[in-house]
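[1] Okay, predicted coordinates and the sequence, questions at the end:
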Protein chains: 2
Amino acid sequence: MAGVLWLLPVALGETPWKNYLPAATREAACRLTHFVAENAKTARAELKRIGHPVPLRDLAIEELPATPTPADVERLLAPLRAGHDIGLVSEAGCPAVADPGALLVRRTHELGLVVRPLVGPSSLLLALMASGLEGQRFAFHGYLPARDPARASRIAELEKESGRLQQTQIFIETPYRNRTLFAALLLNCRQKTRLCIATDLTLASEQITTRRIAEWNAALPPVLDKHPTVFLLLAD
Amino acid sequence: MAGVLWLLPVALGETPWKNYLPAATREAACRLTHFVAENAKTARAELKRIGHPVPLRDLAIEELPATPTPADVERLLAPLRAGHDIGLVSEAGCPAVADPGALLVRRTHELGLVVRPLVGPSSLLLALMASGLEGQRFAFHGYLPARDPARASRIAELEKESGRLQQTQIFIETPYRNRTLFAALLLNCRQKTRLCIATDLTLASEQITTRRIAEWNAALPPVLDKHPTVFLLLAD
């Protein structure tokens, strides 16, 4: 009897598990002894946070490479074929969204095995809900190019498509570059375009603000450096 | 002191709240006495399910029109200005995503008031996680046209864009038309395109299957009629 691949969301930052996980998600995680993690260190911190009943040193936690090869995928899924359930965990939030975990899920389907997604926090989804931007059509684009002129032209392209399709554009940046991306958005977007900045979601320091570019230009800049932030824009 | 707009996810179907809500989300919902709901009847069912401590008849539950006017938005947000917190709830899943609630959220930002999104189930996000399709780039398109030839050409367009951008395309249909949409996808997509069918998410009857179109053509058709289903495709 083959195992099941459980998709386990994890915390977006330091906060007790009752704030971000249903009891059923925690219970499913506590029953597992095999994990594949984007980052083994943060996975151990999460298992400690939820009070996993097995000592951490007795759990099998394998790391998922940033670009897994087919051989990596086979090796990481081997416990499934041996009848063990596996928990897939991301560095933060929901696995297989904005991380390399989808390849494991895809292979599990190819093997005809069962995938069970569990409810938990997603910074992208929380940001979209709270943005007030178009929720009936939206797209996530990952990271924008890190430098101009590629970044400026990508911003212009996303804004143009947003207006044409009436689609919210969602993107992220490595936290130490958030301030630069914010400045580039003010510089390259039209004054009427709406920009939502969603920082530290689910944490006590959560800040979510949606303003038109003209209003952002007139306001104090948000505190973004080193704070996980989701950027969303909607052109008029 | 103005109130806060809380975004409260609700069940995707009949299941106990501990399966899909963090304790913190339930507690926030239980503290509220003013609600704006996409559907007042399903909102009352949810408040009963989570054991709201106030009798339902003593709660203010206003319905959100399908296309709210600016006057509707002002009226529905009036309790915020009077100092009451409001809970915004969708018919299923997360508010302001794939429903008209975003306009209330947008106006709350314009008023400079606080929006607090809470963690809970989203069929779109659970389907994306569990699909194994591209999670680093994806777009949600709402409903496709209900009839051919518009539906067939929209499917071809989404498939072409999916291949060009390596982007997962996510869409939904009213449950009684799910079977027709599934047939149209088999007819109009390329044999190598991957299609995920995610049905009854978070329920005991949950079914999530990803196959290439050629494999779907060779398999028994899934049971979709009247079951809430998310469709996802990724072209090669």
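    Sure thing, it's come through.
[2] How is residue A:127 assigned, secondary-structure-wise?
    helix (DSSP: H, G, I helix; E, B strand; the rest coil).
[3] domains in chain A, as residue ranges please.
    Per the record, chain A has its domains at A:5-117, A:123-234, by automatic domain parsing.
[4] got TSV for those, with distance to residue B:21, mean pLDDT and mean neighbour count too?
    For every residue, glycine as well, the C-beta is placed using N, CA and C. Shown next, in TSV, are the domains of chain A (distance: least, CB to CB, whole Å; pLDDT from 0 to 100; neighbours: other CB atoms under 10 Å in any protein chain shown):
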stretch	distance to residue B:21	mean pLDDT	mean neighbour count
domain A:5-117	6	97	19
domain A:123-234	14	97	19
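[5] got the ones you listed as a markdown table, with distance to chain B columns?
    Shown next, in a markdown table, are the domains of chain A (distance: least, CB to the nearest CB, whole Å):
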| stretch | distance to chain B |
| --- | --- |
| domain A:5-117 | 3 |
| domain A:123-234 | 3 |
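[6] quick one: which of these is nearest residue B:207?
    Comparison of the domains of chain A against residue B:207 by CB to CB identifies domain A:5-117 as nearest, at 9.6 Å.
[7] who touches the closest residue to residue A:13 other than its chain neighbours in this structure?
    Leaving aside its sequence neighbours, residue A:13 sits nearest to residue A:203 (CB to CB, 6 or more residues apart in numbering or on different chains; 4.6 Å). With contact taken as CB atoms under 8 Å, 6 or more residues apart in numbering or on different chains, residue A:203 is in contact with A:12-15.
[8] Select, from the residues you listed, the two members most distant in space.
    A:12 and A:14 (9.4 Å).
[9] show me where chain A has helices.
    A:23-31, A:40-49, A:70-81, A:102-110, A:123-131, A:150-165, A:178-188, A:213-218 (DSSP state H).
[10] so which of these gets nearest residue B:120?
    helix A:123-131 (9.5 Å).
[11] got the CA positions of that closest one in PDB?
    The C-alpha trace of helix A:123-131 is given here as PDB (Å, rounded to 0.1, in the frame of the first residue of the first chain):
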ATOM      1  CA  SER A 123       0.800  35.300   1.800                       C
ATOM      2  CA  LEU A 124      -0.200  35.600  -1.900                       C
ATOM      3  CA  LEU A 125      -3.900  34.700  -1.100                       C
ATOM      4  CA  LEU A 126      -4.100  36.800   2.100                       C
ATOM      5  CA  ALA A 127      -2.600  39.800   0.200                       C
ATOM      6  CA  LEU A 128      -5.000  39.400  -2.700                       C
ATOM      7  CA  MET A 129      -8.000  39.200  -0.300                       C
ATOM      8  CA  ALA A 130      -6.900  42.200   1.600                       C
ATOM      9  CA  SER A 131      -5.800  44.400  -1.300                       C
END
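[12] what does that helix rub up against?
    Counting by CB under 8 Å, 6+ apart, A:12, A:92-93, A:97-98, A:135, A:138, A:140, A:168, A:170, A:172, A:196, A:198, A:201-202, A:208, A:210, A:228, A:230, A:232, A:234, B:7, B:94-97, B:102, B:105, B:115-117, B:119, B:122, B:124-125 sit against helix A:123-131.
[13] Name the nearest of the contacts of residue A:203 relative to residue B:153.
    Closest to residue B:153, out of all of the contacts of residue A:203 and judged by CB to CB, is residue A:12, at 40.0 Å.
[14] quick one: which of the domains of chain A is nearest residue B:192?
    domain A:5-117 (13.4 Å).
[15] end to end, how far does that closest one reach?
    Domain A:5-117 has an end-to-end distance of 8 Å (CA to CA, to the nearest Å).
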